Each structure stands twice: as C-alpha cells, then as structure tokens.
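# need a 3D model of the sequence below.
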Amino acid sequence: MDFRRTAWIILTVGALLLTPVFDAYAAMTDAERFAAETKARDYFTNLEVIDQDGNRLRFYDDVLKGKVVAINFIFTNCQGACPLMTQNMSMVRDMLGVELGKDIHFVSISIDPVRDTPAAMKEFAETHRADQDGWRFVTGDPENLEYIVKKLGQYNDNVEAHSTLLIAANVRTAHWTKIAPNVPPNGVVERLRLLIEEDVAD
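Down below sits the predicted model:
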C-alpha cells in the first residue's frame, strides 16, 4: 500500500494533485477545507483510543486533527526495535525542545493492545523517559487499534515483524510522508520542521 498516495487522495480533491501541498491548501475555500476534513475523519476514523494516562480519545479529532504529528508503532514487551525507536524519538524530542507539544506532537501506537494496557504504556513511557506533554502512547480496544494501524498502512499479523517506519504528517495540509528508520535524528528534525513551516496562518 502506498500510504502517502492513499492519504493524499482521501484528504484532497483531484485538482490539487498538480500543485504544491501548502499552496493547494491555501487556495481552498472554507467549504472545501471542511469537506477535506470530513473525508479525513471518515478515513482515519474517530474510533476510541486510550492514552498512557487513561484518557479516552477520538482518534482523528483528539489525536490527529490540525496537528503536525510523528507516529511510530510499538509494543511494550518488545526488547529490540521499540526501545531503540523510542530512544531515537527522544533524541528528536531533545532537538525540537519547546516545539514538542506546541508545533509538533508524537504518537506511539500499540500494535499489541491486548497486553499493552494504559498502565503498561505508562510504564514503558516512563522507563524510556518519554512520558511527557506532546507525546501520547496510544492503546485501546484491539479491533479499534488494528483498524487504525491498517488505515495508516502499517499493519502486520506478526507483531514481532512490525513496521519501524516513522509516519510524519501535517494533517491540516494533508501532507503525509514516511521516514525510514536509518534517518538520523537531525534528519528527522529537518523533515518535521518542513512540515511545521507549512502550518502557518493563511
């Protein structure tokens, strides 16, 4: 599945495909923006998820809407890639400084929600010094999480073989991209700041 292409089709009208992302968004009328947001909500869903603090959230409205996000996929019993990904994201966080929670939001989504209770996600976040404002560790009903991960194009039946990609997006402008796990933290910061720059007042 080509995730970026799918998300683009869902979130924008066909005529915008030939123009730069932000220019296309800026050119939209309020009605067109409302329609695009409605399509995005329908696609990504407003299924309920739960964060590490036990807050019940609607996935699109509370986690994605209007934000620049960096999304990864973890499970708390992971002994290899997940701690390493979280460490890398922590380095990105340190470089972003006050931008995290203001200009950009991190979302770590469980791909093993049966075992990844909110308490388990909280412990994982605390263990890796990642439990802070601007960084949500998301779990919830297994069917909801499976559906959401599929919509993000990163589902795998084998938990151990889960995606190590970072999905980054400016949800407001419908600009979605994948960042490979071998991109160094400073490279990730650069990519995220480009997304942030799109999110300016019209």
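# okay, now Ile50: neighbour count?
23 (other C-beta atoms under 10 Å). Quick note: C-beta positions are derived from backbone N, CA and C, even for glycine.
# again but with Gln154, I slipped
21.
# go on, Arg58?
The burial count for Arg58: 15, using other C-beta under 10 Å.
# which SS class is the nearest residue to it once chain neighbours are set aside?
Computed as C-beta to C-beta, 6 or more residues apart in numbering, the closest residue to Arg58 that is not its neighbour in sequence is Asn46, at 4.2 Å. At Asn46, secondary structure determined by DSSP: H, G, I helix; E, B strand; the rest coil is coil.
# same check, this time on the one 3 residues further on
The three-state label for Val49, taken from three-state DSSP, comes out as strand.
# what residues are bridge-paired with it?
Here Val49 sits in beta bridges with Leu57, going by DSSP bridges.
# tell me which residues touch it, please.
The contact partners of Val49, by C-beta atoms under 8 Å, 6 or more residues apart in numbering, come to Arg56, Leu57, Arg58, Phe59, Val63, Val138, Thr139, Gly140, Asn144, Leu145, Ile148.
# what do you get if the cut-off is 7 Å, keeping everything else the same?
Residues in contact with Val49 (C-beta atoms under 7 Å, 6 or more residues apart in numbering) are Leu57, Phe59, Val63, Val138, Thr139, Gly140, Asn144.
# make CSV out of the residues you listed and add secondary structure, neighbour count and pLDDT.
Shown next, in CSV, are the contacts of Val49 (DSSP: H, G, I helix; E, B strand; the rest coil; neighbours: other C-beta atoms under 10 Å; pLDDT from 0 to 100):
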residue, secondary structure, neighbour count, pLDDT
Leu57, strand, 17, 98
Phe59, helix, 24, 98
Val63, helix, 22, 97
Val138, strand, 25, 98
Thr139, strand, 29, 98
Gly140, coil, 22, 97
Asn144, helix, 18, 97
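# shaky segments in the chain?
The model of the chain has pLDDT under 70 over residues 1-26, 199-202.
# count of neighbours near His105?
19.
# was I right to think it contacts Val138?
No. Look at His105 against Val138 with C-beta atoms under 7 Å: they stay out of range, at 11.3 Å.
# please, where are all the helices along the chain?
Counting by DSSP state H, the segments of the chain that form helices are 3-11, 21-27, 30-44, 81-96, 118-127, 142-151, 185-198.
# dump those to JSON lines, plus distance to Ile179.
Supplementary listing: the helices of the chain in JSON lines, determined by distance: least, C-beta to C-beta, whole Å:
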{"stretch": "helix 3-11", "distance to Ile179": "11"}
{"stretch": "helix 21-27", "distance to Ile179": "16"}
{"stretch": "helix 30-44", "distance to Ile179": "19"}
{"stretch": "helix 81-96", "distance to Ile179": "10"}
{"stretch": "helix 118-127", "distance to Ile179": "21"}
{"stretch": "helix 142-151", "distance to Ile179": "17"}
{"stretch": "helix 185-198", "distance to Ile179": "6"}
